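In: Sequence and predicted structure below; questions after.
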Amino acid sequence: MGGVTTAAKEPKQDRSRATRQRLLAAAVACLAERGWAGSTVSVVAEHAGVSRGAAQHHFPTREDLFTAAVEYVAEERSQALRALPVQDRASVVAALVGLYTGPLFRAALHLWVAACDEEQLRPRVTELEARVGRETHRIAVELLGADESRPGVRETVQGLLDMARGLGLANLLTDDSARRDRVVAQWTALLDGALGPAAP
């Protein structure tokens with residue numbers, strides 16, 4: 001009897017997990033395409049192909065939905081970064097810059113702008129971005145083989161990430177890929193000088 005109950009629960013849990021994943025993916029897509037003002041729970045639910053009630057079952061508030069969505073995709077981004085085959089610093093720099101030119105960055109940017117005006121959202125976004133920033137920095141240090149015990153290395157890696165964010169902002173308005181490629185090449189040369197040989 002107990003076995004039947006467990007077996008019956010598993011498909012329901014799988015469906016619930018799949019619904020949650022669809023909602024998260026739809027929330028990021030809507031935020032990137034429509035911005036905060038155009039991204040309501042109803043719009044996201046429709047995009048995900050689920051009822052508004054099902055969406056609110058998983059995420060009781062709009063803030064819950066969008067902060068969870070950005071956090072979910074940020075974790076996927078971190079996993080993709082960790083899985084990168086480490087070839088050379090140029091490919092690492094290009095991959096880090098790539099984080100700030102896709103739909104996740106566009107969605108996160110809309111969330112940041114909304115957090116400036118939405119009191120309920122601001123502390124959640126601030127905490128989330130601090131966590132994502134720390135994780136991205138940690139992965140960048142690892143991929144670059146940077147030795148942060150050397151003076152200036154931590155700031156150099158942070159400068160790279162700040163520069164990558166700036167390139168992402170520029171890319172929102174125009175296709176900035178040609179200039180971006182030149183900047184990536186220059187930053188790679190600067191990193192080689194500043195970081196020295198990659199740590200083993």
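Out: Thanks, I have it.

In: who does the helix or strand containing residue 142 touch, helix- and strand-wise?
Out: Secondary structure from DSSP states H and E places residue 142 in helix 122-144. Contacts defined by 3 or more C-beta pairs under 8 Å, 6 or more residues apart in numbering; DSSP states H and E place helix 122-144 against helix 62-82, helix 89-98, helix 103-117, helix 153-173. To be clear about C-beta, it is placed using only N, CA and C from the backbone, and glycine gets the same treatment.

In: Which stretch among these approaches residue 137 most closely?
Out: The closest of these to residue 137 is helix 153-173. By C-beta to C-beta, the value is 6.3 Å.

In: confidence score at residue 138?
Out: Here the pLDDT value assigned to residue 138 is 92.

In: can you count the residues close to it?
Out: A total of 13 residues lie near residue 138 under the criterion other C-beta atoms under 10 Å.

In: Contact partners for the residue nearest to residue 132 when sequence neighbours are not counted?
Out: Closest residue to residue 132 apart from its sequence neighbours, by C-beta to C-beta, 6 or more residues apart in numbering: residue 74 at 4.7 Å. Residue 74 sits next to 104, 108, 128, 132, 135 when contact means C-beta atoms under 8 Å, 6 or more residues apart in numbering.

In: what angle separates the helix ranked longest in the chain from helix 103-117?
Out: Scanning the chain for the helix with the most residues, using DSSP state H, yields helix 2-34. Counting by axes from the mean of the first three to the mean of the last three C-alpha atoms, to 10 degrees, helix 2-34 lies at 80 degrees to helix 103-117.

In: Next SSE downstream of helix 2-34?
Out: From helix 2-34, the next helix or strand downstream (DSSP H and E) is helix 41-48.

In: Understood, closing this out.
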